[in-house]
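K.L.:
Fold the following and give me the result.
(one chain, ligands or ions: 1)
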Amino acid sequence: MRLWGGRFRLQGRDALFEKFSESFSLDQRLIFYDLRVNQVYLRRLAAAGVLTRVEARRLNRGIEALRRRVESRPNWARGQASEDVHTWVEAQLEKEAGPAARKFRTGRSRNDLVATEMRLYAKDAAAQLLAACLRLMEALLGQAHAHPRVILPGLTHLQPAQPVLFAHYLLAYFEMALRDAKRLEQCRERADELPLGAGALAGTSFPINRELLAQELGFARPARNSLDTTSDRDFVCELIFACSLAVTHLSRLAEDLLIYSSPGFGFVEIADAYSTGSSLMPQKKNADSLELIRGRAARVQGALTGALAMLKGLPLAYNRDLQEDKHALFDAVDTAGSALEVATRVVATLKIHPRKMQAAAQAGFLTATDLAEALVRRGMPFAEAHECVGRLVRYCFEQSRTLAELEEWEARRFIPTWDSELATVASSLESSVEMRTATGGTAPSQVSRQIAAAGRTLRQLKSRLHSQK
Ligand code: ARG
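P.N.:
A predicted model of the protein is given here:
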């Protein structure tokens, strides 16, 4: 079946082009949306006098029967040939409900139809991804709760920098996931406008109440401009962007954990369930889950570039290029969803080795800044303090010793006022973190406040998500 036969000589259609042009293999995942939109639209058609009450009832029953059939045989449509999901549903409906199905297309086009269904999909997908973000945030928070006092050598440039609480580190990723979650909420809001009733591009001449249509399909409002809404895919780009940034965050976490779990660091251990071995080297345990997350981020970024390029220079209004939005959006949503889920499980099952973190922090002279700052509190200009402590660190490094292992007479060669107080500053990672009490810092008092706040934020987001359903 075709929705556009009359204008064409249909003998001699090229099978290669038919295959090139079809989207049913992809857009069949919109079947339930198509049925729902049809069901609501038929009520408006009946109200507009296009369908008789009898026809409307028959079609409604036909849609219900079709829905049940697809529900009971989820793979039924797979492998069937059709130009797209709208064509397929109309053909099935004609079998189910007879010639009344041929009135369905009145006043609408696949252009406003597909835009409507993609928006319904985008709204659901954003809500599902948001739920996945919340699960990741919960796992991060769970680990932070479990290890409130563990100290991690904080890195900049991948070089030892200053001690931070491991919980503080986890909360950094909580912040990223929180931004992702909020971005997804906003994506959902922006997708929340109804295209249907815009026709192919110019609007409809039948008395279709689009305000009611919007209400019945759960949209906040009908779109204001028919030209724009039939060819607008901003909501697709935005959702792919939200996915891209979320998996980009995951790729940073993945990279951190790959480094931290390598034997040179040994700070954390990835659960066996999320690791794989080598076919050749029996000793190998590789964190492939994290490498795949890192790699898949590239794919989602590719989808974003693809979607933006699809829109670039596209003349108003609908053009068939827009069919390519499905590939990009479905893949981005699927990939981001599964990456979030796997990352959540890796985090939830992560084993921590605090002693390894502690030893690395000691060896990395991480208290050097604290020492310089202690000298400043005794009246030395910071530039001078920086210089003295720098020389002291070089000495320790050359002697293969840590700051904590220094004898008093050695330290005095570099810092004449060296005493037991400075020795404590030099050796205590705990006092280093405890000092950083300013808002957003790594002091345990701050971090426990941040953990409590994160818990509250998570509960708010969860209840907001549930109230949407
Ligand atoms: N399958 C198309 C899409 O996904 C919708 C059909 C619009 N086709 C057309 N010839 N106007 O965008």
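
K.L.:
How about stretch 443-451, which residues are buried there?
P.N.:
Neighbour counts over stretch 443-451 (16 or more other C-beta atoms under 10 Å) mark 443-444, 446-448, 450-451 as buried. From N, CA and C alone the C-beta is placed, and that goes for glycine too.

K.L.:
can you pull the buried residues of the single longest helix found in the chain?
P.N.:
As assigned by DSSP state H, the longest helix anywhere in the chain is helix 110-146. For helix 110-146, the neighbour count (16+ other C-beta under 10 Å) marks 110-123, 125-141, 143-144 as buried.

K.L.:
How many residues are close by residue 39?
P.N.:
As a burial measure, residue 39 scores 17 neighbours (other C-beta atoms under 10 Å).

K.L.:
Oops, could you answer that again for residue 224 instead?
P.N.:
Residue 224 sits with 9 neighbouring residues when counted by other C-beta under 10 Å.

K.L.:
Let's verify it: helix, strand, or coil?
P.N.:
With DSSP: H, G, I helix; E, B strand; the rest coil as the basis, residue 224 sits in coil.

K.L.:
List, one by one, the residues from the stretch 301-450 of the chain near the ligand.
P.N.:
Contacts of the stretch 301-450 of the chain with the ligand, taken as C-beta under 6 Å from any ligand atom, map to 318, 320, 322-323.

K.L.:
The residues you listed into TSV, with extra columns for neighbour count?
P.N.:
Putting those into TSV (neighbours: other C-beta atoms under 10 Å) gives the following:
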residue	neighbour count
318	23
320	8
322	21
323	18
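
K.L.:
now, which of those sits nearest the ligand?
P.N.:
Lowest distance from the ligand to those (C-beta to the nearest ligand atom) belongs to residue 323, with 3.7 Å.

K.L.:
right, and the closest one touches residue 25 too?
P.N.:
No: using C-beta atoms under 8 Å, residue 323 makes no contact with residue 25, being 11.8 Å away.

K.L.:
just checking, residue 278 touches residue 288?
P.N.:
No: counting by C-beta under 8 Å, residue 278 sits too far from residue 288 to count as a contact (10.6 Å).

K.L.:
which of the two has more neighbours?
P.N.:
More crowded of residue 278 and residue 288, by other C-beta under 10 Å: residue 288, with 14 against 10.

K.L.:
What does the pLDDT read for that one?
P.N.:
You'll see residue 288 listed with a pLDDT of 96.

K.L.:
Tell me where the stretch 201-350 of the chain has strands.
P.N.:
Assigned by DSSP state E, counting those that start in this stretch, the strands in the stretch 201-350 of the chain fall at 221-222, 268-269.

K.L.:
Without its sequence neighbours, what residue ends up closest to residue 258?
P.N.:
residue 290 (5.1 Å; C-beta to C-beta, 6 or more residues apart in numbering).

K.L.:
what's the neighbour count on the one you found?
P.N.:
Residues near residue 290, counting by other C-beta under 10 Å, number 25.

K.L.:
same question, residue 203
P.N.:
Neighbour count of residue 203, defined by other C-beta under 10 Å: 16.

K.L.:
That one reaches residue 226, doesn't it?
P.N.:
Yes: contact criterion C-beta under 8 Å: residue 203 and residue 226 qualify, at 4.4 Å.

K.L.:
list residues touching both of the two?
P.N.:
Shared contacts of residue 203 and residue 226, defined by C-beta atoms under 8 Å, 6 or more residues apart in numbering, are found at residue 197.

K.L.:
Tell me which residues touch residue 85, please.
P.N.:
Residue 85 makes contact with 23-24, 27-28, 30-31, 34, 117, according to C-beta under 8 Å, 6+ apart.

K.L.:
Adding pLDDT and distance to the ligand, write these out as TSV.
P.N.:
Converted to TSV, the contacts of residue 85 look like this (pLDDT from 0 to 100; distance: C-beta to the nearest ligand atom, whole Å):
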residue	pLDDT	distance to the ligand
23	96	4
24	97	8
27	96	6
28	97	11
30	98	9
31	97	13
34	98	11
117	98	9
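
K.L.:
As TSV, the residues you listed with distance to residue 187 and secondary structure would be great.
P.N.:
Below are the contacts of residue 85 laid out as TSV (distance: C-beta to C-beta, whole Å; DSSP: H, G, I helix; E, B strand; the rest coil):
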residue	distance to residue 187	secondary structure
23	23	coil
24	26	helix
27	20	helix
28	24	helix
30	18	helix
31	23	helix
34	22	helix
117	17	helix
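
K.L.:
how about low-confidence regions in this protein?
P.N.:
For the chain, applying pLDDT under 70 flags the ranges 469.
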